[in-house]
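*Asks:* Please work out how this folds:
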Amino acid sequence: MLKEKSEKANIFNIVHGSFVDGWGIRTTVFLKGCPLRCIWCCNPESQLMKPELQYIEEHCDGCGRCIDKCPKGAIIQVCPGEKVSIDRGRCDGCGKCEKVCWPGAFNIWGKERSAEDVFAECLRDEKFYKESGGGVTLSGGEATLWPLFCLEMIERCHERDIHVALDTCGYITTDEGMEVFKNADTLLFDIKGLAPDVHKKNTGKSNEIILKNLYLAEELGKDVIVRYPVIPNHNMDEAPDIAKLLSGLKCVHRVDIIPFHKFGGGKYSQLGRVYDIDEDTLTKEAQDALVKMFEERGLKVQLGG
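*Replies:* Numbering: from 1, shown residues only. Now for the predicted structure:
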């Protein structure tokens, strides 16, 4: 039963008409916060649960309107007319600078919204769900870090017979988070490697909990789409073992192989961070070989996801 007061979460994006976040046409809701720190992460704005300031320096015209609006004194301008800089230690993501920045140099990633409000936006796409077998996907970050919001979204969707997918890294450690895991209709389950020490080096966490939850999905008979980001010199050599593991799980109905890309690299500087990874993207021949490897194990494969 829905509560009188709708649950809230920090949302950093909503994508309408997605074809890559589960079955059919979907609306994907991206929630902030993730327990992992993958070194190849293409959405660094998803990692922290709190709102964060995006600063696009090339859009700054040096007008200085934002300086007095910042209650923390986090915006610095050495000389009038020069582009500003951000003291990240002071910035709390309040967004007051965003409101006065006409050139669009500032944007707040992560704004608090209620499940009621987000669901109403998703309902605009309801006819596409019915026609395509799609629905709503809760993504992140790791959406289960906002379990009450997610459970309310699932309840609202199910009342309208709308399919719900959960995009998860699998690192779920709370009972409430596991309720989201169990109640979602489909799991988009990330597998980033099998060797615990390598996984910890690549993501900041070992993978025992992740694999435990994957096996739980098998026990529960969940509908699972596995997402495998393939990163040269980091986890690509584990592809044969991953294919072998997944081929033995009845719950896995598709594997999305996601070749390494650098599309999110520019976001790091906009958050005051450094993008450390510099691997080459996979050739078409390498991508085709990976697809063949998984298909030969009897798995249905999609390139990208």
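
*Asks:* I'd say residue 24 and residue 127 touch.
*Replies:* No. Residue 24 lies out of contact with residue 127 (CB atoms under 8 Å); the separation is 12.0 Å. Quick note: C-beta positions are derived from backbone N, CA and C, even for glycine.

*Asks:* Neighbour count for the two, which is higher?
*Replies:* Neighbours were counted for residue 24 and for residue 127 using other CB atoms under 10 Å; residue 24 has more, 17 against 10.

*Asks:* what's the burial count for residue 137?
*Replies:* Neighbours around residue 137, by other CB under 10 Å: 26.

*Asks:* For residue 198, give me its contacts.
*Replies:* 234, 235, 238 (CB atoms under 8 Å, 6 or more residues apart in numbering).

*Asks:* Redo those residues as JSON lines? Include distance to residue 94.
*Replies:* Shown next, in JSON lines, are the contacts of residue 198 (distance: CB to CB, whole Å):
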{"residue": "234", "distance to residue 94": "37"}
{"residue": "235", "distance to residue 94": "38"}
{"residue": "238", "distance to residue 94": "43"}
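
*Asks:* Mind checking which of those land in strands?
*Replies:* Assignment to strands by DSSP state E places none of these there.

*Asks:* Could you export the residues you listed as a markdown table, including neighbour count, pLDDT and distance to residue 143?
*Replies:* As requested, the contacts of residue 198 are arranged in a markdown table below (neighbours: other CB atoms under 10 Å; pLDDT from 0 to 100; distance: CB to CB, whole Å):
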| residue | neighbour count | pLDDT | distance to residue 143 |
| --- | --- | --- | --- |
| 234 | 22 | 95 | 25 |
| 235 | 24 | 96 | 23 |
| 238 | 19 | 97 | 26 |
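
*Asks:* Okay, and which of these map to helices?
*Replies:* Using DSSP state H, the subset of those located in helices is empty.

*Asks:* Quickly name whichever of those residues is closest to residue 167.
*Replies:* Lowest distance from residue 167 to the contacts of residue 198 (CB to CB) belongs to residue 235, with 18.6 Å.

*Asks:* Flag the shaky bits of the chain, pLDDT-wise.
*Replies:* Within the chain, no range satisfies pLDDT under 70.

*Asks:* which residue ranges form the helices in it?
*Replies:* Going by DSSP H, the chain shows helices at 96-100, 115-122, 126-132, 147-159, 175-183, 196-203, 208-220, 239-247, 265-270, 284-295.

*Asks:* I'd like to know which of these lies nearest to residue 55.
*Replies:* helix 265-270 (5.7 Å).

*Asks:* Quick one: distance of stretch 261-274 to the chain centre.
*Replies:* 15 Å (CA atoms, centre = their mean, to the nearest Å).

*Asks:* Can you name the residues that contact the most centrally placed residue in the chain?
*Replies:* Taking CA atoms, centre = their mean as the criterion, residue 140 is the residue nearest the geometric centre of the chain, at 3.0 Å. Residue 140 sits next to 30, 31, 32, 33, 34, 46, 167 when contact means CB under 8 Å, 6+ apart.

*Asks:* Could I get the contacting residues of the third one?
*Replies:* Going by CB under 8 Å, 6+ apart, residue 32 touches 9-12, 45-51, 109-110, 140-141.

*Asks:* From residue 245, how far off is it?
*Replies:* 30 Å (CB to CB, to the nearest Å).

*Asks:* swap in the last one?
*Replies:* In this structure, residue 167 and residue 245 are 20 Å apart, going by CB to CB.

*Asks:* Likewise for residue 285?
*Replies:* From residue 285 to residue 245 the distance is 25 Å (CB to CB).

*Asks:* who has more neighbours, the two?
*Replies:* Set residue 285 next to residue 245 and count neighbours by other CB under 10 Å: residue 245 wins out with 17 against 8.

*Asks:* wait, that one sits on residue 194?
*Replies:* Yes. Shown here, residue 245 and residue 194 form a contact pair, counting by CB under 8 Å, at 6.8 Å.

*Asks:* Good, wrapping up.
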